[in-house]
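Student: Make a model of this:
(chains A and B)
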Amino acid sequence: GDSVTQMEGPVTLSEEAFLTINCTYTATGYPSLFWYVQYPGEGLQLLLKATKADDKGSNKGFEATYRKETTSFHLEKGSVQVSDSAVYFCALIRLSGTYKYIFGTGTRLKVLA
Amino acid sequence: DSGVTQTPKHLITATGQRVTLRCSPRSGDLSVYWYQQSLDQGLQFLIQYYNGEERAKGNILERFSAQQFPDLHSELNLSSLELGDSALYFCASTVGGPRTGELFFGEGSRLTVL
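Tutor: Coordinates of the predicted model:
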């Protein structure tokens, strides 16, 4: 079945460091891919998305490119801030069948000043 | 504000009891998803509804049940509660069907079972 695998956390970085959080997926067909972020004490919110191969999603300095050849959707940011400390979830949905949303296990990011 | 409303925000109860969590989706959204998030764990998918009908089931215990009503709000019923059921329960909504895109999450209902 469909699945999402993302790197284990926690990830601890100093402010202004480069961030990569790996995400790979398994799905038949052409899923849409998402990154969601959960700040402390809050629900999840969409960070960025990509709906087809080679699309790049971007928001708030974060980027991720839909790579069909490597079935990956890695999240990157060139310079993290303390305010980026949160849990990041990679997710996919295949727009057929049950339209079930599949989430990864989440990666906790802690940014130190 | 995501537009998804969950009540109650906090709930403390005893083992063996039964509780009901309520979710009002965003206006116009037909699909509702329920997730459980325990401490230091990811999101566990419980169940999904689309326009009143169950569409997909995840790791939902037999002690748990849910439904989506004609006005599209949804309720998650948890019975014979155990300590391990203590968690944050999220509801999320989306348009649903072929136009499904972003999931909009509520702020969650935090359940503590003592």
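Student: what does chain B have sitting close to chain A?
Tutor: Neighbours of chain A within chain B, by C-beta under 8 Å from any C-beta of the partner chain: B:2, B:4, B:31, B:33, B:35, B:41-43, B:45, B:48, B:50, B:55-56, B:90, B:92, B:96-98, B:100-103, B:105-108. From N, CA and C alone the C-beta is placed, and that goes for glycine too.
Student: center of chain B - which residue?
Tutor: residue B:34 (3.3 Å; C-alpha atoms, centre = their mean).
Student: ok, which stretches of chain A are strands?
Tutor: Along chain A, the stretches classed as strands by DSSP state E are A:3-6, A:11-14, A:19-21, A:23-26, A:32-38, A:44-50, A:56-59, A:62-65, A:75-77, A:86-93, A:101-103, A:107-112.
Student: Check these for me: which has the lowest mean pLDDT.
Tutor: The weakest mean pLDDT among the strands of chain A belongs to strand A:101-103, with a mean of 88.
Student: Report the buried residues of it.
Tutor: Neighbour-count burial for strand A:101-103 flags A:101-103 (criterion: 16 or more other C-beta atoms under 10 Å in any protein chain shown).
Student: Let me know the closest of the residues you listed to chain B.
Tutor: Using C-beta to the nearest C-beta, residue A:103 comes nearest to chain B of these, at 4.7 Å.
Student: Can you give me the distance of the closest residue to residue A:40 other than its chain neighbours to residue A:94?
Tutor: Spatial nearest neighbour of residue A:40, chain neighbours left out: residue A:86 (7.2 Å); criterion: C-beta to C-beta, 6 or more residues apart in numbering or on different chains. Residue A:86 sits at a distance of 26 Å from residue A:94 (criterion: C-beta to C-beta, to the nearest Å).
Student: These two - which one has more neighbours?
Tutor: Neighbour totals were compared for residue A:86 and residue A:94, and residue A:86 leads with 21 against 18 (other C-beta atoms under 10 Å in any protein chain shown).
Student: residues touching the residue of chain B most remote from its centre, list them.
Tutor: Ranked by distance from the centre of chain B (C-alpha atoms, centre = their mean), the top residue is residue B:98, with 22.0 Å. Residues counted as contacts of residue B:98 (C-beta atoms under 8 Å, 6 or more residues apart in numbering or on different chains) are A:95-96.
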